[in-house]
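>>> sequence plus the predicted model coming up.
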Amino acid sequence: MTTILKNYINGQWVESKSVILLDVINPATGQSIAKVPEGCVEDVNDAANSAHEAWTAWRNTPANQRVQYLFKMKQILEANTDEIAAICSKECGKTFTESKAEMIRAVENIEVACGIPTLMQSTFSEDIANGVDEFVIRQPLGVGACISPFNFPIMIPFWFMPYAIACGNTYIVKPSEKVPMTMTKIFELFESINLPKGVLNLVHGGRGTVDAILEHPFIPAISFVGSTPVAKHVYMTGTSHGKRVQAQGGAKNAVVVMPDADEDTTVRIIADSAFGCAGQRCLAASVVVTVGDTSNRIKQKLIQLAKSKKTGNGLAADVDMGPVITLESKERIEKLIQTGIDEGAELLLDGRDIKVPGFEEGYFVGPTILGNVNTDSLVYKTEIFGPVLCIINVETLEAAIELINNNRYGNSACIFTRSGAAARKFRHEALGGNIGVNIGIAAPMAFFPFSGWKESFFGDLHGQSSHAVEFYTQTKVVIERWNEEWSRKF
Ligand code: NAD
């Protein structure tokens, strides 16, 4: 019997009021594995009302009591890692190891948010004027919501949710309709935590659900992660409704290889960055910029390594790279590869038409490498979001930095070099929110904000750590005068 996923609202599993059901597809088989409601305004209303009602009692629960629930969340995720990771791999396609790696970062964010009693502290100035003290209080905003993409079904809501609820907000999670089963499982497991009803809610759906969240008067703060066009829409619509919005968008990340880089290490790290998660990572290396005479050696080594990556069902133990998320994605990626060739790029490795025995209906694209890519070409300008690596050669570090800085995205940029001076210049001048030096995926740990610049981010405060705490609190400044004479009169 087909499973129809339910929403979790006010501490109960409830059917969606929307009549339309969408298929959740296993991208390795092309088969439907569950149905998810398309979502509707009524579902968002119910979740927002429940979260709004729960808010007063929750914000008045002391912070050190609120974080006790987070300690339990961490234990639950750790105890059920394999089960959650298997569901993630099944609906998202990534390998079991990749799904488990997501869990580590999710747990790490919970751990950081457990420090909220300290992280929410703020400043106090005694005797700012005669007998006058002044201080700042951080208070929660109300109901927060997170709208997440398909490519990290476990991790991404944890960039926001643990901080929001630890700060005293109540919350709504809206997973991607393409991968809704993983978060459903996590919510089922979280039931045993016995959070007060309405503190944490799950609402399924697609665009209609998102738009209802963006317009709902009870939801003052929204965290979004997804593609740039949708991030822009979410930021503009949310802010035009008076909300606080942080919207992380798409990317086109360049990796610069200097002539002095340790070639074997560099190439191994780049291949993992470009082809891990089938290239469906916002921090994936998608452009290699070789500087000087390294180009040919790097190309040959990258081709050899990419060829050795086994593409297949992400749940199989010996597979390095799973399928892409949908048939449309596969077709779009393959079309872009052809566009690149038509634009004059050199096809160094072709991952189209790859066959995976036993998984003939799966959405597989093998590792693909395009050389001599032109910066004016569509294949360079577009976020491909698949296992396609473009290679460009330039003469100098300055030219490599200029190329990065002219790109409309600014999620991440990395450099491989043995030179401290080159690394320092790069990190100082490159316009990107997450910089890697001899690192292939510059993913900030939970103790740091997950940055992002230019069209990779819309807003001011990012997810994770101190930024998440600031985003999910508002500051109140108090100026107090206590006159001793008044006390004496009573
Ligand atoms: P997406 O933009 O299609 O969807 C993201 C979310 O928005 C989903 O929950 C979806 O239901 C909703 N949505 C989709 N279309 C919408 C619309 N027209 N109006 C309102 N809501 C809509 O993104 P995706 O394909 O799920 O994820 C891949 C994208 O996410 C890539 O561009 C990737 O770079 C980006 N991403 C960015 C980061 C980051 O930190 N910057 C992290 C992960 C993924």
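Good, I have the coordinates. Numbers count the residues shown, from 1 in each chain.

>>> what about stretch 81-96, distance to the chain center?
Its chain's C-alpha centre and that of stretch 81-96 lie 17 Å apart, by C-alpha atoms, centre = their mean, to the nearest Å.

>>> list the buried residues of that stretch.
81, 84-96 (16 or more other C-beta atoms under 10 Å). Placement of C-beta: from N, CA and C, glycine included.

>>> now these in a markdown table, with pLDDT?
As requested, the buried residues of stretch 81-96 are exported to a markdown table (pLDDT from 0 to 100):
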| residue | pLDDT |
| --- | --- |
| 81 | 98 |
| 84 | 98 |
| 85 | 98 |
| 86 | 98 |
| 87 | 98 |
| 88 | 98 |
| 89 | 98 |
| 90 | 98 |
| 91 | 98 |
| 92 | 98 |
| 93 | 98 |
| 94 | 98 |
| 95 | 98 |
| 96 | 98 |
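
>>> which of those residues sit farthest apart?
Spatially, the most separated pair among those is 81 and 93, at 18.5 Å (C-beta to C-beta).

>>> for the buried residues of stretch 81-96, which one is nearest residue 318?
Nearest to residue 318 among those: residue 95, at 9.9 Å, using C-beta to C-beta.

>>> distance check, residue 203 against residue 34.
As judged by C-beta to C-beta, to the nearest Å, residue 203 and residue 34 stand 16 Å apart.

>>> make that residue 430, sorry
With C-beta to C-beta as the criterion, residue 430 and residue 34 are 42 Å apart.

>>> repeat for residue 401
According to C-beta to C-beta, residue 401 stands 46 Å off from residue 34.

>>> around the ligand, which positions in the stretch 251-400 of the chain sit nearby?
Contacts of the stretch 251-400 of the chain with the ligand, taken as C-beta under 6 Å from any ligand atom, map to 251, 282, 383, 385.

>>> err, the stretch 101-250 of the chain, not the other one
147-152, 174, 176-177, 206-207, 210-211, 225-227, 230, 233, 248-250.

>>> how about the strands of the stretch 51-200 of the chain, start to end?
With DSSP state E, counting those that start in this stretch as the criterion, the stretch 51-200 of the chain has strands at 124-129, 132-140, 143-147, 170-174, 200-202.

>>> name the residues that touch the second one?
Residues external to strand 132-140 that are found in contact with it (C-beta atoms under 8 Å, 6 or more residues apart in numbering): 55, 59, 120-128, 164, 167-169, 469, 472-481.

>>> mark which of those are buried, thanks.
Using 16+ other C-beta under 10 Å, the buried ones in these are 55, 59, 120, 164, 167, 168, 169, 469, 472, 473, 474.

>>> want to try a markdown table for the residues you listed, with pLDDT as columns?
Below are the buried ones among the contacts of strand 132-140 laid out as a markdown table (pLDDT from 0 to 100):
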| residue | pLDDT |
| --- | --- |
| 55 | 98 |
| 59 | 98 |
| 120 | 96 |
| 164 | 99 |
| 167 | 98 |
| 168 | 98 |
| 169 | 99 |
| 469 | 98 |
| 472 | 98 |
| 473 | 98 |
| 474 | 98 |
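
>>> can you check the distance spanned by stretch 49-67, start to finish?
Counting by C-alpha to C-alpha, to the nearest Å, you get 23 Å between the two ends of stretch 49-67.

>>> buried residues in that stretch, which are they?
49, 50, 51, 52, 53, 54, 55, 58, 59, 63, 66, 67.

>>> okay, and which of the residues you listed map to helices?
Cross-referencing the buried residues of stretch 49-67 against helices under DSSP state H gives 49, 50, 51, 52, 53, 54, 55, 58, 59, 63, 66, 67.

>>> let me know the pLDDT of the residue most central in space within the chain.
The centroid of the chain falls nearest to residue 156 when counting by C-alpha atoms, centre = their mean (4.4 Å). Looking at residue 156, its pLDDT stands at 98.

>>> what's the answer for the one 5 residues further on, then?
According to the model's per-residue confidence, residue 161 sits at a pLDDT of 98.

>>> repeat for residue 490
pLDDT, read off for residue 490, is 64.

>>> do the same with residue 485
At residue 485, pLDDT is 82.

>>> and the residue of the stretch 51-200 of the chain found nearest the ligand, what does it touch?
Per C-beta to the nearest ligand atom, residue 149 is where the stretch 51-200 of the chain lies closest to the ligand, at 3.0 Å. By C-beta under 8 Å, 6+ apart, residue 149 lies in contact with 156, 176, 225, 226, 227.

>>> can you rerun that using 10 Å?
For residue 149, the contact set (C-beta atoms under 10 Å, 6 or more residues apart in numbering) comprises 156, 175-176, 178-179, 224-227, 230-231, 248-250, 280, 282, 325.

>>> helices of the stretch 201-350 of the chain, start to end?
207-215, 228-240, 263-275, 295-307, 327-342 (DSSP state H, counting those that start in this stretch).

>>> so residue 220 touches residue 141, yeah?
Yes: counting by C-beta atoms under 10 Å, residue 220 sits close enough to residue 141 to count as a contact (4.8 Å).

>>> find the residues that touch each one of the two.
With C-beta under 10 Å, 6+ apart, residue 220 and residue 141 have common neighbours 169, 243, 244, 474.

>>> which intervals of the stretch 201-350 of the chain have sub-threshold pLDDT?
Applying pLDDT under 70 to the stretch 201-350 of the chain picks out no residues at all.

>>> can you pull the phi/psi pair for whichever residue of it sits closest to the ligand?
Closest to the ligand within the stretch 201-350 of the chain is residue 226: 2.7 Å, counting by C-beta to the nearest ligand atom. When read as degrees, to the nearest 10, the backbone of residue 226 gives phi 170, psi -150.

>>> please enumerate the helices of the stretch 1-150 of the chain.
Counting by DSSP H, counting those that start in this stretch, the helices of the stretch 1-150 of the chain are 41-59, 63-79, 81-92, 96-113, 116-119.

>>> just the buried subset of the contacts of residue 149, please.
Buried among those (16+ other C-beta under 10 Å): 156, 175-176, 178-179, 224-226, 230-231, 248-250, 280, 282, 325.

>>> returning to that earlier point: which of residue 203 and residue 34 has more neighbours?
Neighbour comparison, residue 203 and residue 34: the larger count goes to residue 203, with 28 against 20 (by other C-beta atoms under 10 Å).

>>> list the contacts for that one?
So residue 203 contacts 7-9, 14, 16, 37, 39-40, 43-48, 145, 147, 172-175, 209-210, 212-213 (C-beta under 10 Å, 6+ apart).

>>> at 6 Å what do you get?
Contacts here follow C-beta atoms under 6 Å, 6 or more residues apart in numbering; on that basis residue 203 touches 7, 43, 44, 47, 172, 174.

>>> save the residues you listed as CSV, and put in neighbour count and pLDDT too.
CSV is the format used below for the contacts of residue 203 (neighbours: other C-beta atoms under 10 Å; pLDDT from 0 to 100):
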residue, neighbour count, pLDDT
7, 28, 98
43, 27, 98
44, 29, 98
47, 32, 98
172, 30, 99
174, 29, 98
